[in-house]
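> using only what follows, build the 3D model:
(one chain, ligands or ions: 2)
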Amino acid sequence: MLNVEHIGIAVNSLEISVPLFEKLLHTPCYKREEVTGEAVQTAFFQQGSTKIELLEATRPESPIARFLDKKGEGIHHIAFEVADIEAEMKRLQEEGFVLLSETPKRGADNKLICFLHPKNTNGVLIEICQEIR
Ligand SMILES: CC[C@H](C(=O)O)C(=O)SCCNC(=O)CCNC(=O)[C@H](O)C(C)(C)COP(=O)(O)OP(=O)(O)OC[C@H]1O[C@@H](n2cnc3c(N)ncnc32)[C@H](O)[C@@H]1OP(=O)(O)O
Ligand SMILES: [Co+2]
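Numbering: from 1, shown residues only. Ligands and ions are numbered 1, 2, ... in the order given. Purely as a prediction, here's the structure:
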């Protein structure tokens, strides 16, 4: 695994949270992108070599909606960049981690992504992501 590519934060409303994080980080949001496959609307901030990814649910069945219902707003996941997501998924599976998708899914910000179940990662939702070349 390479660097922390982004930290995902679940929010109720990007309309409220984007200006808040622009004030907090003193950095403009550089991209807003809807990912229908995850039923989320995202907003990205570059912070040094890593990013903040704000996530708002677009449908009630969204994982973000369920998270917000159960836990409220807050840190949702940590995403690590990998060079070869398929090789990393195979390695992680062999190490006994539970992958939440059999193949990489299309994520935001031109990435392929896969999540690991938090029950095997000390309660932290981990995402691995690879730049689509
Ligand atoms: C737009 C793409 C973008 C990108 O970077 O490109 C994204 O990051 S998309 C982000 C949203 N998508 C996902 O999160 C997909 C992966 N998540 C899932 O498959 C589910 O959310 C899952 C399996 C983690 C939880 O499923 P669900 O909420 O339906 O089940 P439970 O509520 O029963 O939760 C089971 C168990 O997990 C704990 N949990 C849930 N979410 C988190 C979390 N974010 N961090 C840590 N722990 C989490 C939950 O508390 C339950 O634990 P328990 O001890 O049983 O109470
Ligand atoms: Co993410």
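> distance check, the one residue in the chain that gets nearest to ligand 2 against residue 17.
Relative to ligand 2, the nearest point of the chain is residue 8 (4.1 Å; Cβ to the ion). Where you see a C-beta, it was placed from the backbone N, CA and C, and this is true even at glycine. Distance, residue 8 to residue 17, using Cβ to Cβ, to the nearest Å: 12 Å.
> and residue 4, by the same measure?
Counting by Cβ to Cβ - residue 4 and residue 17 are separated by 20 Å.
> pick out whichever of the two has more residues nearby.
Per other Cβ atoms under 10 Å, whichever of residue 4 and residue 17 has more neighbours is residue 17, with 20 against 13.
> confidence score at the closest residue to the more buried one other than its chain neighbours?
Setting aside the residues directly before and after it, residue 17 is nearest to residue 11 in space (Cβ to Cβ, 6 or more residues apart in numbering), at 4.0 Å. Note for residue 11: predicted pLDDT of 98.
> cool, and the one 3 residues further on?
At residue 14 the predicted local distance difference test score is 98.
> the longest helix belonging to the chain: how far from the chain's middle?
The longest helix of the chain (DSSP state H) is helix 14-25. Centroid separation for helix 14-25 versus its chain: 18 Å, with Cα atoms, centre = their mean, to the nearest Å.
> which helices and strands sit right next to it?
strand 40-47, strand 50-57 (3 or more Cβ pairs under 8 Å, 6 or more residues apart in numbering; DSSP states H and E).
> list the contacts of the first one.
Contacts to strand 40-47, defined as Cβ atoms under 8 Å, 6 or more residues apart in numbering, come from residues 6, 14, 17-18, 21-22, 25, 27-35, 51-58, 62-64, 108-109.
> now list the buried members of those.
Taking 16 or more other Cβ atoms under 10 Å as the criterion, what is buried in those is 6, 14, 17-18, 21, 29, 35, 51-58, 62-64, 108-109.
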